[in-house]
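Trainee: give me the fold of what follows.
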Amino acid sequence: MDNHRATTKKQPNVVLVLTDDQGYGDLACHGNSIIQTPNLDKMHSESVRLTNYHVGPTCAPTRAGLLTGHYANSTGVWHTIGGRSLLRQNEISMADFFARAGYKTGIFGKWHLGDNYPYRPQDRGFQEVVVHAGGGIGNTADYWGNNYFDDTYWTQDGYQKYDGYCTDIWFNEGLQFIERHKDKPFFCYIPTNAPHSPLLVDPHFSEPYIDRTPHAERAKFYGMITNIDHNFGILRQKLDEWNLTENTILIFMTDNGSADGVQTDKNHFVTSGFNAGMRGKKNSEYDGGHRVPFFMHWPAGGLTHGTDIEPITANVDILPTLIEMCQLDKEMAVKFDGTNLCPLLDLADGDAATDWPDRALVTDSQRLAHPQKWRKSAVMTDRWRLVNGTELYDMPADPEQRADVAAGYPDVVAHLRAAYDDWWANVSRQFSDEIPITIGDESSRSVMLCSHDWRNENCDCVWNQSMVRAGVAYNGYWEIDVVTAGLYRFELRRWPKEEDRSLGAGIDGNLIAYDKLTIESGYGGGIALPITSASISIGEQHKSRAIEPNDKGATFTLDLPTGPSHLQTFFDNKLDSNLGAYYVYIDKMTG
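Mentor: Numbers count the residues shown, from 1 in each chain. Next up, the predicted model:
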């Protein structure tokens, strides 16, 4: 690093803004002629930009790689549901590094790496927490009835109700955190859930796009981004007002390719919308699925020039880079998959990248119970993309990835396949290991498990509240670890405690699919289920009981030994025999 950065008298603050499902092309500064993002455009003009920056094609894997510096698959996070969005307990997070260096740490928004101990954000280095649960507001794990407006969120001290729109709340809470700690180094992480579906936003932000795009849903999607831009502008204004801009590393990035800014065909080619000339969108192995914006602004470090850094980079690079920039503890025994980018960032001073190695990076989208080699993968260098192990694209000549040139470059294919084999050997070492939820210690004497984290061979789970209302008949087990032997009380419920209905009761109104929710509709109704009995299975223990018409839950008491086990539940009903309890409340009994 340049001396003027290495000798900064005060450790810099860090504010990291990560948006959800916003792609590279969903910014005016990247050529989108419809969307209005003036504040992010200004940030772009004043930042060092990683223009060939890659993440996971979906949200939880990107977060795992960003916060650990390790490829997501190796951290246990290769899906967004099904118990495979839980970040392994032995991982040291970005917040851990900052907290151990004396920083104040806070997260405001979307965590998506586990909702039970030891996976919650407050267990992973974050001292102040305001987040929704699951992978999005309205997921099964989230507080019942949350719908982006006037919701109840989880804090480090329990649930709290907030007034206003979710994105406004994340930024407002982040700003209050910054103001409280502006005289000390702080790490403020604002990972918004917007513009992830359901596409809900105040019409004030979406109506300007109604006549500019033929897609009504895209108008809402752009409106959600414009609201983020509005809040980002307030964030920068406050940093200026509090004299924090000079020594604050401000980062803006997104978590995967666009979800609703483009449409693609079965071959991943864009058929409508703007994608900056890239093939693919969210969950695609082509660049449109995982090449995203990355802007970094830090006046005290000289990062203000509006400079493009072109060599290939990835989310796994950011933690080792921030450790260097912020002079954090380097003695923790962590070997990163990513690389410290400070030598590249110094190119903002106008130097050329003469000695930076051309490396091979890998991203993939598994979304399975058990990862499969080569599935939806891309091996990437500055010049090449090897897709799914067989397709080869020369990116400078063919940025839209239309011409597969594998037959003409067998040596390149062989080299990139060997790089993938090395990567697979690295990330697959723990694939068979379980990632259990702890019950029975002081941090988990009372636990709520939900169907979002069901494990089964097909990754079928009831992951959002609309599915709960529809009575979707899936089942699976939870991986648990009993740390204290003794009696435990289990209450099996179809509805969460906030809903307070009997097991078989319905809710008046029409069913509405999660991605079809509107501000006006809410969640709609819920079907009645003729549940006649309930049963529970933990290890070798099995119990059953009949259900009475007014029962709100089925309660069981089990004497459990310590150690790992599987917990599975069943509701017998006349409609389907494969129905599990969507919610299970567990309490360690005293005496």
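
Trainee: gap between Phe490 and Ile586?
Mentor: Computed as C-beta to C-beta, to the nearest Å, the Phe490 to Ile586 distance reads 6 Å. C-beta here means a position set from N, CA and C on the backbone, and glycine is covered the same way.

Trainee: repeat for Lys104
Mentor: 33 Å.

Trainee: among the two, which residue is more densely surrounded?
Mentor: Ile586 (24 against 19; other C-beta atoms under 10 Å).

Trainee: helices along the stretch 101-250 of the chain, start to end?
Mentor: Using DSSP state H, counting those that start in this stretch, the helices of the stretch 101-250 of the chain run over 166-180, 203-206, 216-241.

Trainee: now do the stretch 451-591 of the chain
Mentor: With DSSP H, counting those that start in this stretch as the criterion, the stretch 451-591 of the chain has helices spanning 465-470.

Trainee: point out where it drops to low pLDDT.
Mentor: Along the stretch 451-591 of the chain, the model assigns pLDDT under 70 to residues 575-576, 591.

Trainee: how about 90 then?
Mentor: 458-459, 522, 573-578, 590-591 (pLDDT under 90).

Trainee: now do the strands in the stretch 401-550 of the chain.
Mentor: 437-439, 446-450, 477-482, 486-493, 507-511, 524-526, 531-538, 541-546 (DSSP state E, counting those that start in this stretch).

Trainee: which positions within the fifth one qualify as buried?
Mentor: Judged by neighbour count (16 or more other C-beta atoms under 10 Å), strand 507-511 contains these buried residues: Leu511.

Trainee: got the domain ranges for this structure?
Mentor: If you go by automatic domain parsing, the domain ranges for the chain are 3-362, 363-430, 437-588.

Trainee: of these, flag the one that's most buried.
Mentor: domain 3-362 (a mean of 21; mean count of other C-beta atoms under 10 Å).

Trainee: roughly how far is that one from the heart of the chain?
Mentor: Its chain's C-alpha centre and that of domain 3-362 lie 9 Å apart, by C-alpha atoms, centre = their mean, to the nearest Å.

Trainee: which elements pack onto the longest strand belonging to the chain?
Mentor: For the chain, the longest strand by residue count, based on DSSP state E, is strand 563-573. If you count contacts as 3 or more C-beta pairs under 8 Å, 6 or more residues apart in numbering; DSSP states H and E, strand 563-573 packs onto strand 477-482, strand 531-538.

Trainee: now for the first one, which elements pack on it?
Mentor: Under the contact criterion of 3+ C-beta pairs under 8 Å, 6+ apart, strand 477-482 touches strand 437-439, strand 563-573.

Trainee: contacts for it, please.
Mentor: When contacts are defined by C-beta atoms under 8 Å, 6 or more residues apart in numbering, strand 477-482 is touched by residues 83, 434-440, 449, 453-456, 488, 538, 560-568, 584.

Trainee: recalculate using a threshold of 7 Å.
Mentor: For strand 477-482, contacts defined as C-beta atoms under 7 Å, 6 or more residues apart in numbering pick out 83, 434-440, 449, 453-455, 560-568.

Trainee: can you list the helices of the stretch 101-250 of the chain in TSV and add distance to Ser93?
Mentor: Compiled in TSV, those are given as follows (distance: least, C-beta to C-beta, whole Å):
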stretch	distance to Ser93
helix 166-180	17
helix 203-206	32
helix 216-241	23
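
Trainee: follow-up on the earlier one: and the helices and strands packed on strand 563-573 as JSON lines, adding distance to Val17?
Mentor: Formatted as JSON lines, these follow (distance: least, C-beta to C-beta, whole Å):
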{"stretch": "strand 477-482", "distance to Val17": "33"}
{"stretch": "strand 531-538", "distance to Val17": "42"}
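
Trainee: can I get the helices and strands packed on strand 477-482 in CSV with distance to Ala369?
Mentor: CSV is the format used below for those (distance: least, C-beta to C-beta, whole Å):
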stretch, distance to Ala369
strand 437-439, 17
strand 563-573, 14
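
Trainee: those strands: which one's closest to Gly56?
Mentor: Nearest of the helices and strands packed on strand 477-482 to Gly56, taken as C-beta to C-beta: strand 437-439 at 23.0 Å.

Trainee: for that closest one, packing partners?
Mentor: Judged by 3 or more C-beta pairs under 7 Å, 6 or more residues apart in numbering; DSSP states H and E, strand 437-439 is in contact with strand 477-482.

Trainee: next, the angle strand 446-450 makes with the strand it packs on.
Mentor: 160 degrees (axes from the mean of the first three to the mean of the last three C-alpha atoms, to 10 degrees).

Trainee: and strand 477-482 with strand 531-538, angle?
Mentor: 50 degrees.

Trainee: check the offset of strand 477-482 from the chain's centre.
Mentor: With C-alpha atoms, centre = their mean as the basis, the mean position of strand 477-482 lies at 23 Å from the chain mean.

Trainee: ranges for the strands of the stretch 251-400 of the chain?
Mentor: According to DSSP E, counting those that start in this stretch, the strands that the stretch 251-400 of the chain contains are 262-264, 270-273, 294-297, 307-309, 313-314, 361-364, 377-380, 384-387, 391-394.

Trainee: and Val362, bridged to which residues?
Mentor: Residues in a beta bridge with Val362, per DSSP bridges, are Val379.

Trainee: can you pull out the low-pLDDT segments for the stretch 301-450 of the chain?
Mentor: 305, 329-334, 346-357, 442-445.

Trainee: again, only using 80
Mentor: Filtered on pLDDT under 80, the stretch 301-450 of the chain yields the residue ranges 329-333, 347-355.

Trainee: now the helices for it?
Mentor: Using DSSP H, counting those that start in this stretch, helices in the stretch 301-450 of the chain cover 318-325, 342-345, 410-427.

Trainee: got CSV for the ones you listed, with distance to Asp515 too?
Mentor: Below are the helices of the stretch 301-450 of the chain laid out as CSV (distance: least, C-beta to C-beta, whole Å):
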stretch, distance to Asp515
helix 318-325, 30
helix 342-345, 39
helix 410-427, 31
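
Trainee: and Asn52, which of those helices is closest to it?
Mentor: Taking these one by one with C-beta to C-beta, helix 342-345 is closest: 10.8 Å.

Trainee: contact partners of that closest one?
Mentor: Met1, Val48, Leu303, Ile309, Pro311, Thr321, Glu324, Met325, Ala353, Trp356.

Trainee: isn't the third one up against Met296?
Mentor: Yes - proximity of Leu303 to Met296 meets the contact threshold set by C-beta atoms under 7 Å, at 5.6 Å.

Trainee: joint contacts of the two?
Mentor: Ser47, Val48.

Trainee: okay, the nearest residue to Val468 once chain neighbours are set aside and Arg494: tell me how far apart.
Mentor: Residue nearest to Val468 in three dimensions, not counting chain neighbours: Tyr582, with 5.2 Å by C-beta to C-beta, 6 or more residues apart in numbering. Distance of Tyr582 to Arg494, computed by C-beta to C-beta: 6 Å.

Trainee: for Val379, same thing?
Mentor: Counting by C-beta to C-beta - Val379 and Arg494 are separated by 45 Å.

Trainee: other SSEs contacting the helix or strand harbouring Ala95?
Mentor: Ala95 belongs to helix 94-100 when assigned by DSSP states H and E. Counting contacts by 3+ C-beta pairs under 7 Å, 6+ apart, helix 94-100 is packed against strand 104-110.
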